[in-house]
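Compute the structure for the input listed below.
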Amino acid sequence: MLVFIIRRLMQSIIVLLVMSLLVFAGVYAIGNPIDVLISPDADQLERARTIAAFGLDKPMVEQYFIFLKNALSGDMGRSFAFSTPALALIFERMPATMELAVCAIFLSVVIGIPLGLWAGLRPNGVAGKTIMAVSILGFSLPTFWVGLMLIMVFAVQLGWLPSSGRGETSLLFGIPVSFLSWDGLRHILMPAFNLALFNVALVIRLTRAGAQEALLQDYVKFARAKGLRNSRIIGVHVLKNILIPIITVIALQFGSIIAFAIVTESVFAWPGMGKLIIDSIRVLDRPVIVAYLLLIVTMFILINLVVDVLYSLLDPRVRLSESKS
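Numbering: from 1, shown residues only. This next block holds a predicted model:
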């Protein structure tokens, strides 16, 4: 186990180095942030002074190695627009995005697994067919359109939920969270459901397929022959054996939710990292863009590592060497 983790960490370092180069070169090629940050009326002396202050007067290769040297000490640069460290700016917005992502994953599990089991155990029933038909909408409907429709129905017409913002927050271990107050729950419900909709459909279909396959296995037939209760067969023998692909999808989708929460945060004006990166792209704030993308890559690497370890814990037959491949 320890050798496997060390090997994966070494591979992760190589991936981070390659991604840092690709991200830095890609952001460098987008355009010149000076054209956005400096007034068109500024004279050449002021432009030259600002370019030198931001370190943009050096070649891209030299800028990259300076960035890499500073990044090794935890300094990802200072934001051009906010004049604060890029990582500090991202970490300030991270709790809001993480809370939204955790709530979306929670809704995906709470809604998706029971509905998927129901559809898998009764595939020919009206309820099972209805669940599968509705799950198609989760794949088909655009996130931004669903968000606008939620606002239109529940905020504008019914007036049940607020349409934007994070609402009242409370400190939990020094981190501001919304779910500890009623006002915060009302604010997070719509964006969390909007973000979870695709994953709910994914978990439903994955759970249904796994349940139908597990019901045909010999260990389920043997459990029925022993006279075990149906609830125990489903809860112990069926659900436990279909958890591995479900956990894989949920874990990997957690990283995707964090990375692609931009649309939901923009629609609902949720003050998270997604909204920050949109604002940074508008002004070509390179340090914030690079720091955000590298942070997302790091999250994906760590999530994959955790999933590989969970494989071996859930099913001893799954070898870590196979998980690595």
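
What are the contacting residues of the helix or strand encompassing Phe222?
Assigned by DSSP states H and E, Phe222 falls within helix 218-225. Outside helix 218-225, the residues that touch it by CB atoms under 8 Å, 6 or more residues apart in numbering are 214, 232-233, 237-238. To be clear about C-beta, it is placed using only N, CA and C from the backbone, and glycine gets the same treatment.

Highest neighbour count among these?
Val238 (26 neighbours; other CB atoms under 10 Å).

Which two among the contacts of helix 218-225 are spaced furthest apart?
Using CB to CB, the pair of those lying farthest apart is Ala214 and Arg232, separated by 13.9 Å.

mind listing which of the contacts of helix 218-225 are in helices?
Members of these lying in helices (criterion: DSSP state H): 214, 232.

Flag whichever of the contacts of helix 218-225 scores worst on pLDDT.
Looking at those by pLDDT, the weakest one is His237, with 69.

How much space separates the closest residue to Gly74 other than its chain neighbours from Pro271?
The shortest distance from Gly74 to any non-neighbouring residue, by CB to CB, 6 or more residues apart in numbering, is to Leu87 (7.3 Å). As judged by CB to CB, to the nearest Å, Leu87 and Pro271 stand 17 Å apart.

swap in Thr143?
Between Thr143 and Pro271 the distance is 18 Å, computed by CB to CB.

which one of the contacts of helix 218-225 is nearest Asp183?
Nearest member of the contacts of helix 218-225 to Asp183, counting by CB to CB, is Val238, at 40.1 Å.

need the contact list for the closest residue to that closest one other than its chain neighbours.
In space, Val238 comes closest to Ala214 once its chain neighbours are excluded; the distance is 4.6 Å by CB to CB, 6+ apart. Residues near Ala214 by CB under 8 Å, 6+ apart: 220, 237-238, 241-242.

out of those, who's nearest Leu195?
Taking CB to CB as the measure, Leu195 sits nearest to Ile242 out of the contacts of Ala214, at 24.0 Å.

Which pLDDT does the model give the residue lying closest to the closest one once chain neighbours are set aside?
Leaving out its chain neighbours, the residue that sits closest to Ile242 by CB to CB, 6+ apart is Gly210, at 3.2 Å. With respect to pLDDT, Gly210 scores 82.
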